[in-house]
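> kindly generate the corresponding structure for this input.
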Amino acid sequence: MIFSYAAQVAVMDQREVQSVLVVGAGSIGVGVVHSFANAGFKTSVLSRTPSRLEGKFARATVVASLPADPPCLIVESIPEVADLKRPLYAEIENRYAGRTIIATNTSGLPLEDLARPLRFRHNFMGLHYIFPADASEFVELSRISETSDAAVARVSEALKRCGKTPVVLNRPVIGALINRLQHAILREAYHLIAEGIVAPSQIDDIAKRLLGPRMCVSGLIEQKDISGLDTHALAQQSIVPHLCHDPHPSALLQQLYAAGHIGLKSGRGFYDWGNSDPLKVKADAAQKVARIMALLAEMDAAGANRPE
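Numbers count the residues shown, from 1 in each chain. Prediction:
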């Protein structure tokens, strides 16, 4: 029996994800490759300079161009420049004509704008990984208005097979969820540093040893339920009007960026990293995150009380 092209696409829309192509081999892209490859997916990574990646992946294939057969899922993790992403999407659609899901790792570019030129928008979504991508539990899945339920279900199931927890956003917002929360906190932190009220190390100590552990146990919203919304509502009335509400990026951060002081990889940012090994610093951080996540899983398994 000969099936129509539309029928073939409909069948493919229902199958589980078996093959994944990651486009881009930066720090996030490499983590995404390891996440899928270690979970048993047929995984490949597209790089315009494949020789640079020789020997880097034991369970994934490095390719220099789009393969002949359509991967079930393509995760795009190239630089945050719309004019780089759109030609890639056009090339993918021309090659596969809707027979693959395109997921972009962006959290800062408008998904609806990126999707506008596409012909197969039902198979387009945001898939935002948090560094380190292979160790972090949560992945943000942002759907646009045309994203199909089938595509969301297929990718969500694939993420679960990788040991991830998909966080589905029902409509796209710049920054998704995690970056919006992070930047809300960072805006106030940068403001306090710029005003000379505290040093960066003081903010980091509070984040690591007070806010972080408390959030690990009871999150943000649940913790306020526990402590009492009456107390919290009154505190908001007196504190929120005095927070930094500047809609512009932090001038302090932009000055560091303009001067080339971009942190660990340049040797200097808010801290002096001159004698540090970047690979070791990142590996140590990833190991610590993994240990914390294991402890949290152990605590959850012990049956701590959870709200309905």
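
> which is the succeeding secondary structure element to the helix or strand harbouring H232?
Using DSSP states H and E, H232 falls within helix 229-239. Counting by DSSP H and E, the element after helix 229-239 in chain order, helix or strand, is helix 251-258.

> elements contacting that following helix?
Counting contacts by 3 or more Cβ pairs under 8 Å, 6 or more residues apart in numbering; DSSP states H and E, helix 251-258 packs against helix 178-194. In short, each C-beta sits where N, CA and C put it, glycine included.

> quick check: next helix or strand after the helix it packs on?
Counting by DSSP H and E, the element after helix 178-194 in chain order, helix or strand, is helix 200-206.

> that following helix: which residues count as buried?
Of all the residues in helix 200-206, those buried under the rule 16 or more other Cβ atoms under 10 Å are I203.

> residue contacts, the residue nearest the centre of the chain?
Centroid check for the chain by Cα atoms, centre = their mean gives Y129 as the closest residue, at 2.2 Å. Neighbouring residues of Y129 by Cβ atoms under 8 Å, 6 or more residues apart in numbering: 28, 31-32, 35, 77, 105, 136, 139.

> poorly predicted segments of this protein, please.
For the chain, the stretches flagged by pLDDT under 70 are 1-14, 303-308.

> can you give me the helices in it?
Secondary structure of the chain, counting by DSSP state H: helices at 5-14, 27-38, 82-96, 111-115, 149-161, 178-194, 200-206, 212-218, 221-227, 229-239, 251-258, 278-301.

> highest average neighbour count across these?
Ranked by mean neighbour count, the helices of the chain are led by helix 27-38 with a mean of 22 (mean count of other Cβ atoms under 10 Å).

> what's it packed up against?
strand 19-23, strand 42-46, strand 60-63, strand 124-129.

> tabulate the ones you listed (JSON lines), appending distance to S276.
Output for the helices and strands packed on helix 27-38, formatted as JSON lines (distance: least, Cβ to Cβ, whole Å):
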{"stretch": "strand 19-23", "distance to S276": "28"}
{"stretch": "strand 42-46", "distance to S276": "28"}
{"stretch": "strand 60-63", "distance to S276": "29"}
{"stretch": "strand 124-129", "distance to S276": "24"}
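
> about what we covered before: pick the one among the contacts of Y129 closest to A290.
Set against A290, the nearest of those by Cβ to Cβ is S136 (9.5 Å).
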